[in-house]
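Q: here's my sequence, what's the structure:
(2 chains)
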Number of protein chains: 2
Amino acid sequence: MTDTSLNQNIIERVAMGDMLRRRSREDGDKLALVDFPGGQRREYTYAQLNQRANQMAHGLIAKGIQQGEKLALVSSNCSDMFVTYFACYKLGVIVVPINFMQNPDDIRYNLEHSETVAVVYEDILAGVVRPCMSGNENIRLNIQIGSEQGDSDISMEDLIEGQSDDEILDRVIQDRDTAHMIYTSGTTSRPKAVETSHLSLVVAALTGALELDVKKEGCMLLILPLFHCAALSMSFPTLLRSGNIVIHKSFDVEAVLDAVEKDKVDNATLLPMMWNALTSSPGVEQRDLSSFELGIYAMAPMDANSLNRVREVFGCKMHLGSGQTEFAPAACLFMDKSPTEFGEGNYWGRPVSTVEQAVIDDQGNELPQGEIGEIVWRGAQAMSGYYKNPEASAEASLFGWHHSGDLGLIDKEGQLLFVDRKKDTIKSGGENVSSMKVEQSLLSYGGILQAAAFGVPHPHWGEAVCACVVPSGDKELDEEAIIEHCKQELGNFEVPKKVVIAEALPLTGTGKVRKVELRQQYENLFQ
Amino acid sequence: MTDTSLNQNIIERVAMGDMLRRRSREDGDKLALVDFPGGQRREYTYAQLNQRANQMAHGLIAKGIQQGEKLALVSSNCSDMFVTYFACYKLGVIVVPINFMQNPDDIRYNLEHSETVAVVYEDILAGVVRPCMSGNENIRLNIQIGSEQGDSDISMEDLIEGQSDDEILDRVIQDRDTAHMIYTSGTTSRPKAVETSHLSLVVAALTGALELDVKKEGCMLLILPLFHCAALSMSFPTLLRSGNIVIHKSFDVEAVLDAVEKDKVDNATLLPMMWNALTSSPGVEQRDLSSFELGIYAMAPMDANSLNRVREVFGCKMHLGSGQTEFAPAACLFMDKSPTEFGEGNYWGRPVSTVEQAVIDDQGNELPQGEIGEIVWRGAQAMSGYYKNPEASAEASLFGWHHSGDLGLIDKEGQLLFVDRKKDTIKSGGENVSSMKVEQSLLSYGGILQAAAFGVPHPHWGEAVCACVVPSGDKELDEEAIIEHCKQELGNFEVPKKVVIAEALPLTGTGKVRKVELRQQYENLFQ
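A: Purely as a prediction, here's the structure:
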């Protein structure tokens, strides 16, 4: 590596570590992060956050962690997660955020498959992650967040203590180098590791800030977990705009409303149920929520009443952002009060300006308006690929489109309507059955809290529709009555041939139903 | 090249041709361009512009133009310049826009040095460009814009006629491939060709749209020449936002005001003298300019009175954008009503969010607040380098900063104040003399229209300050009196040792004084 190429690289590259350095230089005295370790408010300006990230980077260098190696991060939301992300981004060390709500087998698999060499974990998660590290010979270093070392090699404060805060300017980092690697929750198979480049993240941050009109020096409330792409994708536009992120570890209605009042929060990304909980809070009408401007909901649609209620209480716009680990959100936005053809359905809206969105058939042909096919995207926000899985990577990029694995259609207004998970589609009697449609019918029966429809092998139907339901109360559910109810609403091929009453459904770490497990469990039902 | 890498490239790449395709897909029926060939209004929607660019691309393929080859574009502002740019961007053909106001020697040099293989030119410029092509054996194809072929090989309409409008999706275009190559006007040496990548342009467009708050589906008036980086850098954010560009060939006060009234223009980038001409127009007060929101001035500062007058007449914000061919504008913005330490000076303001800005000494050390040094930048907007000139490229990227060649300081508010061209600095008696400071003193004498100060070799001073001035009226200028005047305002080492009264100054194509010529002309004055 000649000096010339290092000079040119550091000038022109698109790299996440540079983003923080730039904000620190220009807006060093502005507030970047607020969190509440042990219930005590803690604040970092951009200069302090950047300094701390530099110190951690030098600490990792001192411990022999090399560019390109993987560092796993196991923590609930806190400012030191950002410190860790940016220390690694600056070094070219690849962060592997771990969803600690997975089962231990999956966590162990994440650590082994990624060839992680260092683990940074929160003290309260030591009992979760340490057993998953046993026998793993790649791991050379583990660090416990905070000033207590516990059973780790070193506490994060000791790692940082006395380290230089000089910028790391001596390494070549390419735009397409992997910045972090997130394991997908795996509704259909073993978790896969999604490699996301620096360039993807920067383009997503710029585009997000532009499309959502993220305010300069605004204030965002962060609640979604920082091991997930959605929380990261919403945080980076705020950091790019020198905004302040108020970090909560978990969702607490009154704490959220307090934050809006005290910290003058102007935007937040929450799940629909969280929005509903906020607007149902007693006394919410007496709160001063006037700072709030931009609400984003994710993962699921909201009905018009709920949306209107949020708009009324918070006086804000409500946009729906969609995307996935494999395509840094938001790939598309369903903007506040967009016109739609089919009313209130599960609209995902239109692509952001740097993204191309289409619906294609299984041969890669784009489908005309109104026809259902796979939702596909193009754009720099796409993953570089699945780590050590060229087959799955090639499959996901077939025909020159990133395959979302979801089915949808584009309506007359150009708005994308999500229809179903592609893999959740059941092929019954030669027809595609939307498992979501079946589930909606089941839920409308009454007394059902959760429902999952899936296909199982069947001599006549090919795949027969089967369902698992969880009762919402004490009342006994009657399988025959449920099936009769579905017959009123669904085509014969869509009606479940079997409804299992269960106490709970198997869930992934992020709360999606693990249908692969259900399919396996019931695969011999009709054979 | 395997199919897999083509698939992944087209998904994730950051490429200018994709920008237009995406706008055409999403906002195909929105107005993209308006121009006035032969005085007749002509309009293109995004779908039409994209279709025409695709057709031109297929026409160029049919004529054997290959990816990576250079195509020179010689035209005054018109929609077909955009068609040509985007046809080439889609193909990976490198556009070489030619400043046709250069002298013929420079145009000939541009064509030869760039190894241009095809030339697209406007009919009225045939007489300018064709003589510059004589004897150039690289050029295989020349195309005259419009439906008349003239002396060219084919008219643009014939090239396009009957061609497919299919998208070009079968070529691998890398983020860092050169999109276009612009020759700098060369105040100090032979023109150098600046290679700008697709990634640079896309990041500049995203950042520009974000920082300037470019309206979605807004309307921009374009007057600055499209062979220059400033006009391109302002156009791309508008196109990214599905806006409409109203294209004027030249500056005409009433035509501009008409456009604002009729087309509801909301933003324009103009030179200070243009803004002043607009606000001085009789009857401007009676115009309905209410659509106008954002004024940008470039190349030079404006005094508070002039700025206030524009704000009052247009009811708009006024930002100053700076940058250079080598660093796609805007690198920095002096935002409307920014606080400053030194009042009205030549402020360039603060870097945009993807750019790092500093002032350094000759050893590459960053200078503290208030100290004068070279203005340097980092960011994806930096050029890839000077074409076939590794020495100049290495010099421009020394110490890992892009060197602007300008001198400045950063004030207490973090605002960059431009002080002088670095190369215009005169080293006299061991002291740095700002040629701009000398020029301002000369202009304040009265009766002087233009002044240029420069250094010439001198046995005592090392370099002696010398000046050329152009009288503003018929009144004879007196050299001794001018020098006496300067002595009242300047240090002895700064006072011109010789003032030459001239009829005109030698200018570059974009109106900068060619000081290199003045230095050569007077180099023996004191020896």
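
Q: low-confidence ranges in the stretch 401-527 of chain A?
A: Applying pLDDT under 70 to the stretch 401-527 of chain A flags the ranges A:430-432, A:509-510.

Q: please, where are all the helices along it?
A: Ranges of helices within the stretch 401-527 of chain A are A:435-443, A:479-489, A:515-521, based on DSSP state H, counting those that start in this stretch.

Q: put together TSV for those, with distance to chain B on each row.
A: In this view, the C-beta of every residue, glycine as well, is placed from N, C-alpha and C. Compiled in TSV, those are given as follows (distance: least, CB to the nearest CB, whole Å):
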stretch	distance to chain B
helix A:435-443	26
helix A:479-489	35
helix A:515-521	26
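
Q: among those helices, which comes closest to residue A:273?
A: Among the helices of the stretch 401-527 of chain A, helix A:435-443 comes nearest to residue A:273, with 14.8 Å by CB to CB.

Q: ok, which residues in the stretch 351-500 of chain A are in contact with chain B?
A: Residues of the stretch 351-500 of chain A lying close to chain B (CB under 8 Å from any CB of the partner chain) are A:351, A:353-356, A:377-380, A:382, A:384-385, A:393-394, A:397-402, A:414.

Q: ranking helices and strands of chain A by mean pLDDT, which lands last?
A: With mean pLDDT, DSSP states H and E as the measure, the helix or strand of chain A carrying the lowest mean pLDDT is strand A:431-433 (a mean of 72).

Q: who does residue A:386 bridge with?
A: Beta-bridge partners recorded for residue A:386 (DSSP bridges): residue A:194.

Q: go ahead and confirm it touches residue A:195.
A: Yes. Counting by CB atoms under 8 Å, residue A:386 touches residue A:195, with 7.3 Å between them.

Q: contacts for stretch A:160-179, please.
A: A:1, A:5-6, A:9-10, A:13-17, A:21, A:51-52, A:54-59, A:62, A:67-68, A:89-92, A:94-95, A:195-201, A:384, B:175-176, B:199, B:400 (CB atoms under 8 Å, 6 or more residues apart in numbering or on different chains).

Q: of those, buried ones?
A: A:6, A:9-10, A:13-17, A:21, A:51-52, A:54-59, A:89-92, A:94-95, A:195-201, A:384, B:175-176, B:199, B:400 (16 or more other CB atoms under 10 Å in any protein chain shown).

Q: okay, the helices of the stretch 401-527 of chain A, which one's buried deepest?
A: helix A:435-443 (a mean of 20; mean count of other CB atoms under 10 Å in any protein chain shown).

Q: how close does residue A:316 sit to chain B?
A: 19 Å (CB to the nearest CB, to the nearest Å).

Q: kindly report the same for residue A:328.
A: 11 Å.

Q: residues contacting that residue?
A: A:196, A:200-201, A:204, A:229, A:233, A:381 are the contacts of residue A:328 under CB under 8 Å, 6+ apart.

Q: among those residues, which lie within helices?
A: Among those, the ones falling in helices (DSSP state H) are A:200-201, A:204, A:229, A:233.

Q: also near chain B: which of those residues, exactly?
A: Near chain B, by the rule CB under 8 Å from any CB, you find residue A:200 out of these.

Q: residue A:83: which of the ones in helices among the contacts of residue A:328 is nearest?
A: When these are compared against residue A:83 (criterion: CB to CB), the nearest one is residue A:201, at 16.8 Å.

Q: isn't the closest one right up against residue A:236?
A: Yes. At 6.2 Å, residue A:201 and residue A:236 qualify as touching, with contact defined as CB under 8 Å.

Q: can the longest helix anywhere in chain A be said to contact chain B?
A: The helix that spans the most residues within chain A, counting by DSSP H, is helix A:46-62. No. Helix A:46-62 lies apart from chain B when judged by CB under 8 Å from any CB; the minimum separation is 12.2 Å.

Q: so where's the stretch 51-200 of chain A uncertain?
A: For the stretch 51-200 of chain A, the ranges with pLDDT under 70 are A:185-189.

Q: if you set the cut-off to 90 instead, what comes out?
A: A:101-106, A:184-191 (pLDDT under 90).

Q: could you pull out the helices for it?
A: The residue ranges that make up the helices of the stretch 51-200 of chain A, judged by DSSP H, counting those that start in this stretch, are A:79-91, A:104-113, A:126-133, A:156-160, A:198-211.

Q: which residues do residue A:201 and residue A:236 both contact?
A: The contact lists of residue A:201 and residue A:236 share residue A:16, where a contact means CB under 8 Å, 6+ apart.

Q: quick check: bridge partners of residue A:454?
A: Per DSSP bridges, the residues bridged to residue A:454 are residue A:466.

Q: for residue A:413, give me phi and psi.
A: phi -90, psi 0 (degrees, to the nearest 10).

Q: ok, how many other residues are close to it?
A: 14 (other CB atoms under 10 Å in any protein chain shown).

Q: nearest residue to it in space, please, no chain neighbours.
A: residue A:339 (5.2 Å; CB to CB, 6 or more residues apart in numbering or on different chains).

Q: residue A:446: neighbour count?
A: Counted with other CB under 10 Å, residue A:446 comes out at 11.

Q: likewise for residue A:398?
A: 17.

Q: so what's it up against?
A: With CB under 8 Å, 6+ apart, residue A:398 has these contacts: A:364, B:7.

Q: what distance do you get for it to residue A:390?
A: According to CB to CB, to the nearest Å, residue A:398 stands 13 Å off from residue A:390.

Q: then residue A:95?
A: 22 Å.

Q: any idea which element residue A:296 lies in?
A: strand A:294-298 (DSSP states H and E).

Q: how about that strand and chain B, touching?
A: No. With CB under 8 Å from any CB as the criterion, chain B is not reached by strand A:294-298; the gap is at least 15.2 Å.
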